[in-house]
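Enquirer: sequence? don't have it. structure:
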């Protein structure tokens, strides 16, 4: 292999893929990054067998070839180089990668690229076309609700269902659930159901920061237990979680007695204040919804309290349909959902202090979030 | 049959049947002494289920990339979990990590294979954490556990696996195998077969690393010297042995364990001869010495020494001071 790339591009690519490197694995090659020439570009890949990230960077390729080099050594080395052309050449016999840039010259010992776990070569034509920015928003609205408890592996994932031109992401951790729907620009031939690890999707949202309006292709090769997200110059692969996801639609309350609409920003601010007080104790935020009378708005009182810190209460104006209610939620859960609601107003649907509350953005039917209430105590 | 395993034909046949007829159990427990071939058998099974081009159903080709990587225990769909060092503890975090990876679809093979070695070293919490997975692993998962004995595991673990008990081979079979497969000279092969007590893996390890054999002979010779020596020399020997030297990576505890493990078979032989048994000796090279000791000490004393050695191994496991353990051993050793 003989190729030259810009240091800036190489460093950027390495920082992207190095998130998938697993330094303490039983397979030594997983601590390495695959460096390979690929149709006139340089391919950088890393995988921990659960999550794989590939980045392609523009390169001048003189000779084809591939090798894996230790991730730490390679990225530390590259990040110290001047912003200049980096020449990479591989000595196949000794499996050493020579890196030359400006006045510095380094030989990095690698492992044969054959040892690297085989990477999927997806059939992009069969994939589903999406927009990076849209997918990223969907992920952000759902991923935080996934569980981190390994005892129920299925709940650490996010359920992806695609049918016709509808795509749905859902996640739940037993205390709350998040469902986000979206429409695709085209119909999908066969319906898809897959559970993708939340970590992988969070990583996807992270690496697609500079994506903008870029198109993205999602491929689920049948029978492979994998999902592949591909953009122009990056690819993320994740193993799917095996199992059956609980039917979340059944958990969502069909109707409610009290429907409260209030400003998302004001509510979020009130929750943040309540959290300062509640986080030392039981994380409980008490929500007291008081309907207004004639010509006078309703009021939501949000309060947080703990033995050590003290007490805080904020009032937010609202409109209420139905009787008043006092209900308690985990304040962190409230904050997390309000942070991802993009509309100016949010609606809370409640029935009783022991049945779940439903949170929806006003004027957007695509997002639903449900939180189980906490005991009010005394 | 291409499993190429010394002995255990019945186990190989059984497993091959399971693979060929698609009747694989979700978990197997391979029980037997160290070096008898538990891990080798487990790896062969992993190859048999995951080889992409088997010669026949249940017959791995053993030359493809998958087979070779499994053999080296470096295969994406083979997760090996074991205590960090032999005699260490398998921690609950390792089990949690395993459970996380088992929930995922296999990377490239048909099955995800989890190989848990020396499971008797698992911490109680680790064993308990595994119960749920062991009872109901995901469909594409095969769990393989190895352990020294059924009794060393929680009964709840054993009852969730299909146990396969691997027994030591006949000594002639081990000797024969060493000669035909690894071209060991006949005399050495016979000696190693005896020393290993019918455990081909251990015999092979001694054959491949002659320095280990050498070391064992030194320790055994030291034992015979110590029997003649007085208390001062004996204590000096233990002091030397358990000195914390930075040069070697080996810890005093492990070194003493090795020494005790080298002495134990000698006393076993003495006990056998003292009790009038004609069973084959583990140390045929020491036949004369063993006979001399047996007639001089009698079965009672020999039994006591074996028990003492056993006890000191136990104490070492329980983190007793190695030097003290060694000294107590020396105090109870008869002068001869």
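Expert: Received the coordinates, thanks. On a predicted model such as this, the values are computed, not experimentally measured, just so you know.

Enquirer: quick one: pLDDT of residue B:251?
Expert: For residue B:251, the model assigns a pLDDT of 80.

Enquirer: so it versus residue B:87, what's the distance?
Expert: Using CB to CB, to the nearest Å, one obtains 10 Å as the distance from residue B:251 to residue B:87. For glycine as for every other residue, the C-beta is placed from the backbone atoms N, C-alpha and C.

Enquirer: okay, and the common contacts of these two?
Expert: Common neighbours of residue B:251 and residue B:87, using CB atoms under 8 Å, 6 or more residues apart in numbering or on different chains, do not exist here.

Enquirer: longest strand anywhere in chain A?
Expert: Among all segments of chain A classified by DSSP state E, the strand with the greatest residue count is strand A:310-321.

Enquirer: what's that strand in contact with?
Expert: The list of residues contacting strand A:310-321 from outside it, by CB under 8 Å, 6+ apart, reads A:258-263, A:266-267, A:269-270, A:273-274, A:276-277, A:289-292, A:297-305.

Enquirer: mean confidence for that strand?
Expert: For strand A:310-321, the mean confidence score works out to 93.

Enquirer: so what strands line up beside it?
Expert: strand A:258-263 (antiparallel), strand A:298-306 (antiparallel) (DSSP bridges).

Enquirer: what residues does chain B have near chain A?
Expert: Near chain A, the residues belonging to chain B are B:65, B:73-76, B:79-80, B:96, B:99-108, B:132, B:138-140 when assessed by CB under 8 Å from any CB of the partner chain.

Enquirer: the longest strand of chain A: which residues count as buried?
Expert: Residues of strand A:310-321 classed as buried under the neighbour-count rule (16 or more other CB atoms under 10 Å in any protein chain shown) are A:312, A:314, A:316, A:318, A:320.

Enquirer: is the fourth one in a bridge, and if so with what?
Expert: It stands for residue A:318. The bridge-partner assignment for residue A:318, based on DSSP bridges, gives residue A:262, residue A:298.

Enquirer: relative to chain B, how far out is it?
Expert: 42 Å (CB to the nearest CB, to the nearest Å).

Enquirer: okay, now the unreliable bits of the stretch 1-150 of chain A?
Expert: The model of the stretch 1-150 of chain A has no residue with pLDDT under 70.

Enquirer: output the set of residues of it in proximity to chain B.
Expert: Counting by CB under 8 Å from any CB, the residues of the stretch 1-150 of chain A close to chain B are A:26-29, A:49-50, A:114-115, A:117-118, A:150.

Enquirer: for whatever residue of chain A ends up closest to chain B, which residues are in contact?
Expert: Of all residues in chain A, the one sitting closest to chain B is residue A:225 (2.3 Å; CB to the nearest CB). Residue A:225 makes contact with A:239-240, A:242, B:104-106 under the criterion CB under 8 Å, 6+ apart.

Enquirer: rerun at 7 Å
Expert: Taking CB atoms under 7 Å, 6 or more residues apart in numbering or on different chains as the definition of contact, the neighbours of residue A:225 are A:239-240, B:105-106.

Enquirer: now the stretch 1-150 of chain B against chain A: closest residue?
Expert: When distances are taken as CB to the nearest CB, the stretch 1-150 of chain B reaches nearest to chain A at residue B:105, 2.3 Å away.

Enquirer: how many residues are close by that residue?
Expert: Here the neighbour count serves as a burial measure; for residue B:105 (other CB atoms under 10 Å in any protein chain shown) it reads 20.

Enquirer: now residue B:165
Expert: Taking other CB under 10 Å as the criterion, the count of residues near residue B:165 is 13.

Enquirer: same deal with residue B:167?
Expert: Around residue B:167 sit 14 other residues, with neighbours defined as other CB under 10 Å.

Enquirer: now swap in the one 5 residues further on and tell me
Expert: By the other CB under 10 Å criterion, the neighbourhood of residue B:172 contains 13 residues.

Enquirer: before we move on, what about residue A:158?
Expert: Residues lying near residue A:158 (other CB under 10 Å) number 28.

Enquirer: what about it, which helix or strand?
Expert: When elements are defined using DSSP states H and E, residue A:158 is found to belong to strand A:157-163.

Enquirer: which helices and strands sit right next to whatever helix or strand comes next after that strand?
Expert: Once strand A:157-163 ends, the next helix or strand along the chain (criterion: DSSP H and E) is strand A:166-172. Using 3 or more CB pairs under 7 Å, 6 or more residues apart in numbering or on different chains; DSSP states H and E, the elements in contact with strand A:166-172 are helix A:132-142, strand A:157-163, strand A:176-183.
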